[in-house]
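Visitor: From the sequence below, what's the structure:
(one chain, ligands or ions: 1)
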Amino acid sequence: MDTAAADRPSATYDRIGLGYSDIRRPDPRLHVLIGQALGSVHTVVNVGAGTGSYEPEDADVTAVDPSQVMLDQHPGTKKVKAGAEALPFADGSFDAAMAILTVHHWPDLHRGLGELRRVARRQVVFTWDPTHRPELWLLEEYLPEIREMDHARLTPVAEVAEVLDAHTVTPFPIPYDFTDGFQCAYWRRPEFYLDSVIRQASSTFAQLPPSVVEPAIARLRADLDSGDWHRRHADLLGQQSVDYGYRLVIAGG
Ligand SMILES: C[S@@+](CC[C@H](N)C(=O)[O-])C[C@H]1O[C@@H](n2cnc3c(N)ncnc32)[C@H](O)[C@@H]1O
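Guide: You can find the predicted model right below:
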């Protein structure tokens, strides 16, 4: 692959996207919340659609993604290869636009959010706030490099809400048995982070070099074997969900 192609944002998912839906299974609780936020809609554009997680079953959905590897795994019939920054649709084409766990990949967030507002009357964005505390123990104790990466690519949720002129920002504490294997999904199941297949389904892990990830995971394995992790995190083991800064941002009518 030439350097310019490797730098394209879609290149990440063209590289890591295969097998995405095996690990990134949509969580039914988040699905309900997103459905409620979309409301009663006929036409929806799902920007950064990936394999189609969290799309409403009873609406006419157009999936947009710049990664062909992701679009090929999407089960829908209306699929468009494009980035959020230049949506190939006329103004007001859709009742709603959804963007789930994708805005941190957009090279020009403001332009992409502007496009969501241009093509749809309602916008529903699910993302997380890099400034939120508590942060996942994995970042604090094993991989501070993830924190650095997240700070570089994530925009504070307050700014996303402002650009969208949002009327609602809903916190989504992550349940302990969350099914969609993104970065924080396994906060109470630390042994899952030992599995390289699971790690590969999260873009953060997939973009860090093995020379950084492997020693950190070896330390986690040792702490799990010795019982140190469980001693340090006894408080977490009794919790049902934790707020790690994930937010559903809703704008428009
Ligand atoms: C973590 S996946 C989320 C997929 C899906 N929304 C979900 O909830 O499972 C991020 C998606 O954003 C897409 N993406 C990357 N750059 C993008 C851009 N500039 N515009 C729109 N989508 C983009 C990736 O190709 C990938 O499919």
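Visitor: From now on I want contacts and neighbour counts done on CA atoms only, so please keep to that.
Guide: Will do.
Visitor: Ile34 is in what secondary structure piece?
Guide: When elements are defined using DSSP states H and E, Ile34 is found to belong to helix 28-38.
Visitor: Direction included, what does the next helix or strand after that helix pair up with?
Guide: Towards the C-terminus, the helix or strand next in line after helix 28-38, according to DSSP H and E, is strand 43-47. Under the criterion DSSP bridges, strand 43-47 sits next to strand 60-65 (parallel), strand 94-100 (parallel) in its sheet.
Visitor: what's the most buried one of those strands?
Guide: strand 94-100 (a mean of 24; mean count of other Cα atoms under 10 Å).
Visitor: Identify the residues contacting that one?
Guide: Identification of contacts with strand 94-100 by Cα atoms under 8 Å, 6 or more residues apart in numbering yields 38, 41-49, 116-117, 119-127.
Visitor: Can you select the buried ones from the residues you listed in ChimeraX?
Guide: Those of the contacts of strand 94-100 that count as buried under 16 or more other Cα atoms under 10 Å are selected in ChimeraX with:
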select :38,43,44,45,46,47,48,49,116,117,119,120,121,122,123,124,125,126,127
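Visitor: Return only those of the contacts of strand 94-100 found close to the ligand.
Guide: Val47, Gly48, Ala49 (Cα under 6 Å from any ligand atom).
Visitor: ok, the residues you listed vs Arg147, which is closest?
Guide: If you rank these by distance to Arg147 using Cα to Cα, Gly48 comes first, at 22.6 Å.
Visitor: for the closest residue to that closest one other than its chain neighbours, which residues make a bridge with it?
Guide: Nearest-residue entry for Gly48: Asp65, 4.7 Å, with adjacent residues in sequence omitted and distances by Cα to Cα, 6 or more residues apart in numbering. Per DSSP bridges, residues listed as beta-bridge partners of Asp65: Lys81.
Visitor: for the stretch 51-200 of the chain, what spans make up the helices?
Guide: Using DSSP state H, counting those that start in this stretch, the helices of the stretch 51-200 of the chain run over 68-73, 109-119, 137, 144-153, 157-164, 196-200.
Visitor: Mind listing what's buried along the longest one?
Guide: Across helix 109-119, burial judged by 16+ other Cα under 10 Å covers Leu109, His110, Gly112, Leu113, Glu115, Leu116, Arg117, Arg118, Val119.
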